[in-house]
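structure of the sequence below:
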Amino acid sequence: MKWQQILGKLDVIIPESMRGPVDLSTKQRNYRQLKALLMAAMLTIALVPLLMVAGLSYYYYKDLLVNSEREQLEWQLDGATNSIEHMVASLKSAIQFTAKGDRYGELLDRGNLKTLLARMQYHYGFFADLGVIDANGIQQAYIGPYGLSGTDYHNEQWFREVTDGGVHISRVTTGFRKAAHFAVAVRAIDPVTRQLWVLRATIDATTLQKFIDTIKTAATDDVFLVDDKGILQTSSRFYGETLSQFSQEIPAGIRSGILDDGETVFEAIGLIDDTPWSVVVLKKHYLQQEEWQGFKRKLFFIVFGCMLASIMVIVVLVEKLSDMIRKADELQLSMLKEAEHTNKLASIGRLAAGVGHEINNPLAIIDQKTGFIEDLLLMGDEFEHKDMILQNLEGINSSVGRCKVITHRLLGFARRGENTLEPLQLNDVLVEVLQFLENSMVTKRITVDLNKNEELPRLISDKVQLQQIFLNIINNAIDAIGEDGVIAINSYEVAGDIRVVIQDDGPGMAKEVVAHIFEPFFTTKEQGKGTGLGLSITYGLVKKLGGDIVVHSQVGKGTAFTITLPIMNNQHEDADEPETE
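Now for the predicted structure:
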């Protein structure tokens, strides 16, 4: 049985871990997901505090402006309220002074009432008419443009209020006059008849509007009066004309609202004593509006700039970190693959050592028995077929010798032998190997392009193992080319090492094949033509000599093996060191 067939049989006893590489793809990270997680985490860490600080700054600055605005509005509201109360008090005083108890009979005279109205209009200018009303609510005397003499007011709410309270200031209404006005009525008692009577003065609503306009300032956007039912008593810049609906509730104090244009407006509302009115002061913008807008612009640019800078820095850091993690993972994966390959070589080495020893024993017996047979034949008489038997015995001895060489190589692969280190010239080793393969290359019309550097330094290494390394690689190149090809060999010095590149123009190999090229029992040759140990043994020998071997291949363009060997072998250095006690 041939040696290749024997090794083929051994495949059934090789552990599964030695037949192919361990799948390490599960150890690879999803770097896109890792980058996304790093980006999210770093953005969160960087931007959340920034946005929180910006939000707090915005909130507290705005709160400061709002409080300042409230104080300003309260001050303006107090001023407006005091002004209107002063006006109301003046009206009440003027009419109360006119409505003395002993003047009832005098004012019933139309001429006297007309003279009184003329005097009041002369001094104040805003009285529209005067009316004297008896205890039954009938207007006994009237001076004005509307002809209201004899009008019955006894069912009017204001008449009951003035008879009970003594003074009444009405809401702005159209009433019998069909024109916007308000009235001030005071109660008096006739000392003669002991009957109460009422003097009522009507004031045009435009007069009230003019007075409101006088108390407006540049610090306010709108000032107007509203009654307790939410009806405008004067026109408003934002809410409409007099007698328009403003609100159903008129709470005193300061509140904020939204106008139709979407802007926030502050409303300060103050009640006017002894009247159904409330004064409303509106402020549409902050007093420090320009400072507020400037603060918002600066805050926006600061936050935007910090966010942009943070994102740029984070992107760079994430790229760097993910790249470092990827390189670390690749290094770890490479080391795991290297350890896996070393473990496989160690396993196959132990297997080869066992096989070598087991085969050497029967080979020794065969060699001994064939020698004994030869001796007997040589000492005996001649007989038919003696020469044929001797020739067959020589064939047996030749095969036994060949088997011994193979088992010697297996034992060398198993690291059972020691390196024989000596100074040598690498180019001479290459020439010797090429001379050994010359006939094979001539037969297949393969040309060798040898570019050797004549100035290569001598190196300390094992000549026999170097011959085996180059022999295996060049043999593989010859088998890959088949016929009519070129093998280019270059040798040169690189950073204290000697590098040899052996390149063929054969069919090349796919990446999937290159990944397994140094694995034991992996071969691309047909069944029965290769054991898959050649490159594994070559890899182990190169590593044993302290070197490195790399393969590059491309389908359709060929394959290149790069062997790097140290000029000074570490084992030789250790041997040269003197022993110390």
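
what is the top helix by length along the chain packed up against?
Longest helix in the chain by number of residues (criterion: DSSP state H): helix 289-379. Secondary-structure packing of helix 289-379 (3 or more Cβ pairs under 8 Å, 6 or more residues apart in numbering; DSSP states H and E): helix 31-98, helix 386-413, helix 534-544. Backbone N, C-alpha and C define where each C-beta goes, glycine included.

please redo it, this time with the cut-off set to 6 Å
Secondary-structure packing of helix 289-379 (3 or more Cβ pairs under 6 Å, 6 or more residues apart in numbering; DSSP states H and E): helix 31-98, helix 386-413.

out of the ones you listed, the one nearest Leu321 is which?
Proximity to Leu321 (Cβ to Cβ) singles out helix 31-98 among the helices and strands packed on helix 289-379, at 6.2 Å.

make CSV from the helices and strands packed on helix 289-379 and add distance to Gln293 to it.
Conversion of the helices and strands packed on helix 289-379 to CSV gives the following (distance: least, Cβ to Cβ, whole Å):
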stretch, distance to Gln293
helix 31-98, 11
helix 386-413, 84
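
select from those the stretch with the lowest mean pLDDT.
Sorting the helices and strands packed on helix 289-379 by mean pLDDT places helix 386-413 lowest, at a mean of 77.

so what does it touch, helix or strand wise?
helix 289-379.

which stretches of the stretch 201-350 of the chain have low pLDDT?
Across the stretch 201-350 of the chain, the ranges flagged by pLDDT under 70 are 248, 256-264, 286-289, 339-350.

residue furthest from the geometric center of this structure?
Asp381 (98.4 Å; Cα atoms, centre = their mean).

how is it assigned, secondary-structure-wise?
What DSSP: H, G, I helix; E, B strand; the rest coil gives for Asp381 is coil.

for it, phi and psi?
Note on Asp381: its backbone torsions stand at phi -80, psi 160 [degrees, to the nearest 10].

and it, how far is that from Leu91?
170 Å (Cβ to Cβ, to the nearest Å).

also Lys178?
23 Å.

again, but for Val442
For Val442 relative to Leu91 (Cβ to Cβ), the value is 136 Å.

picking up where we left off before, who's more crowded, Lys178 and Leu91?
Leu91 (20 against 8; other Cβ atoms under 10 Å).

and that one, what does it touch?
Going by Cβ atoms under 6 Å, 6 or more residues apart in numbering, Leu91 touches Val184.

if you set the cut-off to 8 Å instead, what comes out?
Ile169, Val184, Ala201, Ile203 (Cβ atoms under 8 Å, 6 or more residues apart in numbering).

try Ala201
Leu91, Ile95, Met120, Phe127, Asp129, Leu130, Gly131, Ala183, Val184, Ala185.

same thing with Arg237?
Arg237 neighbours (Cβ under 8 Å, 6+ apart): Asp221, Asp222, Phe224, Leu282.

let's see that with 7 Å instead.
Asp221, Asp222 (Cβ atoms under 7 Å, 6 or more residues apart in numbering).

name the helix or strand for Asp274, please.
Asp274 belongs to no helix or strand when assigned by DSSP states H and E.

could you report the neighbour count for it?
Counted with other Cβ under 10 Å, Asp274 comes out at 14.

quick check: phi and psi at it.
Torsion angles, degrees, to the nearest 10, at Asp274: phi 60, psi 20.
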